[in-house]
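Undergrad: could you work out the structure for the sequence below:
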Amino acid sequence: MALDNLITGDPGNLAHLARHKRFRFVRQDVTLPFTVTGPVQYVWHLASPASPIDYAQLPIQTLQVGSAGTELALKLALKKKARFLLASTSEIYGDPLEHPQKESYWGHVNSIGPRSCYDEAKRFGEALTMAYHREHRVAIRIVRIFNTYGPRMRLRDGRVVPTFLSQALQGQPITVFGEGTQTRSFCYCSDLIDGLYRLMMSPHTEPVNLGNPREMTMLQFAESIRRLTGARSRIVHKPLPKDDPRQRRPDIGRARRWLGWKPRVALEEGLEKTVTYFKNKLGL
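TA: The predicted structure follows:
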């Protein structure tokens, strides 16, 4: 069963599951009380706006899903004696002073900045999840997800991969914030899903980073997108948003040791699959 209010989702992404006899979709805001009948083995709590555009437009909803939504999901896991996985984020590290970022790093976060609704919602969610584990013995798992991409992302999602691809495929200028020296690392969606499953099935209750440690600047990434798509788009620069992290790369040593996990899909291969999807969406 999947619950989603589709505030940032697309029901078309579920079309391939529509006839699956074991799948059921319920349109539901998880910040409001809900019931699930029958036994539940696993609760996967991935609900939240995750794009800077989305959480800038939906700051209160973002905070609510990280707090009230997380507690309702934890209460379900407690009631059903189910294992619970929280999808946290690399954003809990803020604009990091440690590089690469290990799970032991506590972060460098502006609690009242424009990104704080997302950062602090996830930090609270982690704290609440650990509290349910310590007080109620809920079997919990916490994953800190770094930049992930792939097919079925929205064209106007606001994150860098769909933004750069949409602009390049439509012959528009590719917009890079600041000088483009800030870094990111990109993990293909199938690698992330593999890591999520391994973590859920593991015995580990401490946070685990999942992401691809291959790091590149935004300017390098924009040039890669231009080469991959064959676009002649100009690269233009816009002012750097407030609190935009200067560098972001996961230390995945814990995932390697505990889960036997590492990313397997090369950036070029993953981008080619994503380009094909975007071309179909754009009718190209």
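Undergrad: how close does the residue lying closest to residue 245 once chain neighbours are set aside sit to residue 116?
TA: Setting aside the residues directly before and after it, residue 245 is nearest to residue 95 in space (CB to CB, 6 or more residues apart in numbering), at 4.7 Å. To be clear about C-beta, it is placed using only N, CA and C from the backbone, and glycine gets the same treatment. Summarising the geometry, the distance separating residue 95 from residue 116, computed by CB to CB, to the nearest Å, is 12 Å.
Undergrad: looking at this, residue 277 is in a helix?
TA: Yes: the assignment for residue 277 by DSSP: H, G, I helix; E, B strand; the rest coil puts it in a helix.
Undergrad: measure how buried it is and give me the count.
TA: Here the count is done by other CB atoms under 10 Å, and residue 277 has 15 residues near it.
Undergrad: on that earlier part again, wait, the residue nearest to residue 245 sits on residue 241?
TA: No: at 11.3 Å, residue 95 does not count as touching residue 241 under the criterion of CB atoms under 8 Å.
Undergrad: in terms of neighbours, single out the busier of those two.
TA: For residue 95 versus residue 241, neighbours defined as other CB under 10 Å are more numerous around residue 95 (19 against 13).
Undergrad: which pLDDT value goes with that one?
TA: Note on residue 95: pLDDT of 93.
Undergrad: residue 155 now?
TA: Per-residue confidence (pLDDT) for residue 155: 85.
Undergrad: so who does it touch?
TA: 162, 166, 278, 281, 282 (CB atoms under 8 Å, 6 or more residues apart in numbering).
Undergrad: and the last one, how many neighbours?
TA: Put plainly, it is residue 282. That count, for residue 282 with other CB under 10 Å as the rule, works out to 12.
Undergrad: what do you get for the first one?
TA: The number of residues packed near residue 162 is 20, by other CB under 10 Å.
Undergrad: same question, the third one
TA: Around residue 278 there are 22 other residues, counting by other CB under 10 Å.
Undergrad: re the thing from before, save the contacts of residue 155 as CSV, and put in secondary structure, distance to residue 99 and pLDDT too.
TA: As requested, the contacts of residue 155 are arranged in CSV below (DSSP: H, G, I helix; E, B strand; the rest coil; distance: CB to CB, whole Å; pLDDT from 0 to 100):
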residue, secondary structure, distance to residue 99, pLDDT
162, helix, 26, 93
166, helix, 30, 94
278, helix, 31, 92
281, helix, 35, 89
282, helix, 36, 89
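Undergrad: not counting stretch 98-113 itself, show me its contacts.
TA: Surrounding stretch 98-113, the residues in contact under the criterion CB under 8 Å, 6+ apart are 90, 92-97, 116, 119-120, 123, 144, 206-209, 213, 215, 242-243, 247-251, 253-254.
Undergrad: could you do stretch 165-179 as well?
TA: By CB under 8 Å, 6+ apart, the residues outside stretch 165-179 that reach it are 155-156, 163-164, 218-219, 222, 225-226, 229, 231-241, 244, 271, 274-275, 278-279, 282, 284.
Undergrad: what residues sit buried inside it?
TA: Neighbour counts over stretch 165-179 (16 or more other CB atoms under 10 Å) mark 165, 166, 167, 168, 169, 174, 175, 176 as buried.
Undergrad: so which strand or helix has residue 64?
TA: In this structure, residue 64 is located in helix 59-64 according to DSSP states H and E.
Undergrad: ranges for the helices of the stretch 1-150 of the chain?
TA: Assigned by DSSP state H, counting those that start in this stretch, the helices in the stretch 1-150 of the chain fall at 52-57, 59-64, 70-80, 116-136.
Undergrad: can you mark which positions in the third one are buried?
TA: When you say that, I think you mean helix 70-80. Buried residues in helix 70-80, defined by neighbour count with 16+ other CB under 10 Å: 70, 71, 72, 73, 74, 76, 77, 78, 80.
Undergrad: mind listing what the closest residue to the first one other than its chain neighbours touches?
TA: Meaning residue 70. Taking CB to CB, 6+ apart as the measure, residue 70 lies nearest to residue 125, with 4.4 Å between them; neighbours along the chain are not counted. Residue 125 makes contact with 45, 66, 67, 70, 86, 88, according to CB under 8 Å, 6+ apart.
Undergrad: can you list the helices of the stretch 1-150 of the chain in a markdown table and add mean pLDDT and distance to residue 184?
TA: Putting the helices of the stretch 1-150 of the chain into a markdown table (pLDDT from 0 to 100; distance: least, CB to CB, whole Å) gives the following:
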| stretch | mean pLDDT | distance to residue 184 |
| --- | --- | --- |
| helix 52-57 | 91 | 13 |
| helix 59-64 | 97 | 21 |
| helix 70-80 | 98 | 26 |
| helix 116-136 | 97 | 16 |
